[in-house]
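> sequence first, predicted coordinates after that:
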Amino acid sequence: MDATVAQTGTEGKSWGGGNRPLNASYGKLMMWFFIVSDALTFSGFIASYGFSRFKFIDAWPVADQVFTHIPFLHGVTAPMYYVAFMTFILIFSSVTMVLAVDAGSKMQKNKVIWYLFFTIIGGAIFVGSQAWEWATFIKGDYGAVETKGGKILQFLDTEGKRVAIADFAVHIPTERTTHESQTGIWYDSEPETLTSFSFEEVKTGFLANENILIRTQYLDESGKQTVLSREESVAKLVTDGRLVVEGANLIRNEYGHPLFADFFFFITGFHGFHVLTGVMINIIIFFNVIVGTYERRNSYEMVEKVGLYWHFVDLVWVFVFTFFYLV
Amino acid sequence: MAHEHKLEIFRGLVKFKSNITKIWGVFLFLSIVTTVEVYLGITKPEILTQNRFMAMKILNWIFIILTLVKAYYIIWDFMHHRDETKGLRRSVVWTGVFLICYLVLILLIEGDYIFDVYKNNYVKFNF
């Protein structure tokens, strides 16, 4: 053997060969490197959110005016509380996961089963909450008007409270013919959803109500949106208004810049997809534990590897929460 | 899997008797940090939003630092990074930290530059 093995002088050192310098199994190591690459994907998304926000830093929506709803409580304005609840759910499911890992390392099968069960429930509550939050965001609440330049005008009363367009718009009976490709411009199609009021109806209602003001997208020095005087509001709406916007989608957003909605759907959607896959993997592992796969294997390391993924999902949410809702 | 857990957090300031009590201790700490974040996010104290440090609101500095603190404890204690070898820790953390800082720096400088272009030149608003 001496003739074929070169002596390098590194024998016995951590990287000298023959031992396990990282002291981790193949599967665990690969999970870590997957997590690193996934972290880079998420930071790409969050950094590009930061890019777009810096690009429109003086006209970006304020998150706690957008996410103010709590399920089953209608008309209550409670910024942040529901998102905070979701954050706690996810942190708590992380705790039950790490307890499952700990029970696994002591080969306590029943404890692993219960802790994994609670983790799955927590994940399901989180995904459900996120679906509800999407639905609320898409539906919108007050409605707004988009200008010819693509900016959003929102309506306030003289005390500075938001007014829904449904509260002041008037119904003007009009005939509306459905757009068909053989009767009009062939490449233009009927809009998928029609707003409940047309721009003319909102404009007429606005001009009839003396005490409604317009708030623009632009932020003043203290970070609050600019509110126009009545004269300015009338001039702005009559010359620039073009279209009623209700709720948010990928093209229009009643809360402000459409990019805000795009990034919201993209980032929380990608994260929600991770949570969903995490829940599904947890369910698979859960049944494996029940049928005793890891008991026979004499090692619960699979629970630990899945746990790493689950904690990573929690970790990403910590950053999404800060950069989407707080900062 | 079977290797020992390090049971100290805060550089040895708090020591736990078992891994399970450590998990609950870290959970308590993360909950307190989150509560502080939510409280500041709802109240937004004037003194923290009106004053700036290095072009960023003090409040945002607090949020970002608290987030990094939370991230540290999630990785170190929930993901057991504290118990891994130095080589594994560094290959994971340094790669991520370096690439993310670089990306964020580049994109934010670029975004700020485009903001100035919109503000001072003829292009008004482009989406």
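It's in. Numbering: from 1, shown residues only, chains lettered A, B, ... in the order given.
> can we go C-alpha only for contacts and neighbour counts from here?
Fine.
> my read: A:V66 touches A:H257, true?
No: taking contacts as Cα atoms under 8 Å, A:V66 lies outside contact range of A:H257: 11.9 Å.
> where is the longest strand in chain A?
Counting residues, the longest strand found in chain A (DSSP state E) is strand A:212-219.
> so which of A:V66 and A:H257 has more stuff around it?
Each of A:V66 and A:H257 has its neighbours counted (other Cα atoms under 10 Å in any protein chain shown); A:H257 has more, 21 against 18.
> got a pLDDT number for the closest residue to that one other than its chain neighbours?
Excluding the flanking residues, the one nearest A:H257 by Cα to Cα, 6 or more residues apart in numbering or on different chains is A:W60, at 6.3 Å. We have a pLDDT of 91 for A:W60.
> with A:E232 instead?
At A:E232, the pLDDT recorded in the model is 90.
> who are the contact partners of it?
By Cα atoms under 8 Å, 6 or more residues apart in numbering or on different chains, the contact list for A:E232 is empty.
> for A:E210, give its distance to A:R162.
15 Å (Cα to Cα, to the nearest Å).
> when these two are compared, which one has more neighbours?
Using other Cα under 10 Å, the more surrounded residue of A:E210 and A:R162 is A:R162, with 18 against 13.
> for the more buried one, list each beta-bridge partner.
A:L156 (DSSP bridges).
> before we move on, back to that, wait, the residue nearest to A:H257 sits on A:L259?
No: contact criterion Cα under 8 Å: A:W60 and A:L259 do not qualify, at 9.1 Å.
> just the mean pLDDT for the helix or strand harbouring A:I113, thanks.
Counting by DSSP states H and E, the element that carries A:I113 is helix A:109-139. The average pLDDT within helix A:109-139 is 95.
> who touches A:V36 in this structure?
Here A:V36 is in contact with B:92, B:95-96 (Cα under 8 Å, 6+ apart).
> repeat the analysis, applying 10 Å as the threshold.
Residues in contact with A:V36 (Cα atoms under 10 Å, 6 or more residues apart in numbering or on different chains) are A:30, A:312, B:91-93, B:95-97.
> same thing with B:L30?
Going by Cα under 10 Å, 6+ apart, B:L30 touches A:88, A:91-92, B:24, B:36, B:66-67, B:69-71, B:73-74.
> could those go into JSON lines alongside pLDDT and distance to A:G149?
Shown next, in JSON lines, are these (pLDDT from 0 to 100; distance: Cα to Cα, whole Å):
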{"residue": "A:F88", "pLDDT": "94", "distance to A:G149": "41"}
{"residue": "A:I91", "pLDDT": "93", "distance to A:G149": "42"}
{"residue": "A:F92", "pLDDT": "94", "distance to A:G149": "45"}
{"residue": "B:W24", "pLDDT": "93", "distance to A:G149": "53"}
{"residue": "B:V36", "pLDDT": "94", "distance to A:G149": "40"}
{"residue": "B:L66", "pLDDT": "95", "distance to A:G149": "39"}
{"residue": "B:T67", "pLDDT": "95", "distance to A:G149": "37"}
{"residue": "B:V69", "pLDDT": "95", "distance to A:G149": "42"}
{"residue": "B:K70", "pLDDT": "95", "distance to A:G149": "41"}
{"residue": "B:A71", "pLDDT": "94", "distance to A:G149": "41"}
{"residue": "B:Y73", "pLDDT": "93", "distance to A:G149": "46"}
{"residue": "B:I74", "pLDDT": "94", "distance to A:G149": "45"}
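> can I get those residues in a markdown table with distance to A:V291, secondary structure and neighbour count?
Output for those, formatted as a markdown table (distance: Cα to Cα, whole Å; DSSP: H, G, I helix; E, B strand; the rest coil; neighbours: other Cα atoms under 10 Å in any protein chain shown):
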| residue | distance to A:V291 | secondary structure | neighbour count |
| --- | --- | --- | --- |
| A:F88 | 31 | helix | 20 |
| A:I91 | 28 | helix | 24 |
| A:F92 | 26 | helix | 21 |
| B:W24 | 29 | helix | 17 |
| B:V36 | 43 | helix | 15 |
| B:L66 | 42 | helix | 19 |
| B:T67 | 39 | helix | 22 |
| B:V69 | 39 | helix | 13 |
| B:K70 | 36 | helix | 21 |
| B:A71 | 34 | helix | 18 |
| B:Y73 | 33 | helix | 21 |
| B:I74 | 30 | helix | 24 |
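> quick one: which of these is nearest to A:F56?
Distances from A:F56 to those, taken as Cα to Cα, are shortest for B:T67 (24.1 Å).
> and the gap between that closest one and chain A?
7 Å (Cα to the nearest Cα, to the nearest Å).
> hmm, A:F321 and that residue touching each other?
Yes: the criterion here is Cα atoms under 10 Å, and B:T67 meets it with A:F321 at 9.1 Å.
> quick one on the thing from earlier: pull up the overlap in contacts between A:W60 and A:L259.
Contact criterion Cα under 10 Å, 6+ apart; residues shared by A:W60 and A:L259: A:52-53.
> re earlier: using PDB, list the CA coordinates for the next helix or strand after the helix holding A:I113.
Of the helices and strands lying after helix A:109-139 in sequence (DSSP H and E), the nearest is strand A:144-147. Listed next in PDB are the C-alpha coordinates belonging to strand A:144-147 (Å, rounded to 0.1, in the frame of the first residue of the first chain):
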ATOM      1  CA  ALA A 144     -60.400  53.800  -5.700                       C
ATOM      2  CA  VAL A 145     -60.000  55.700  -8.900                       C
ATOM      3  CA  GLU A 146     -57.000  55.200 -11.300                       C
ATOM      4  CA  THR A 147     -55.700  58.200 -13.100                       C
END
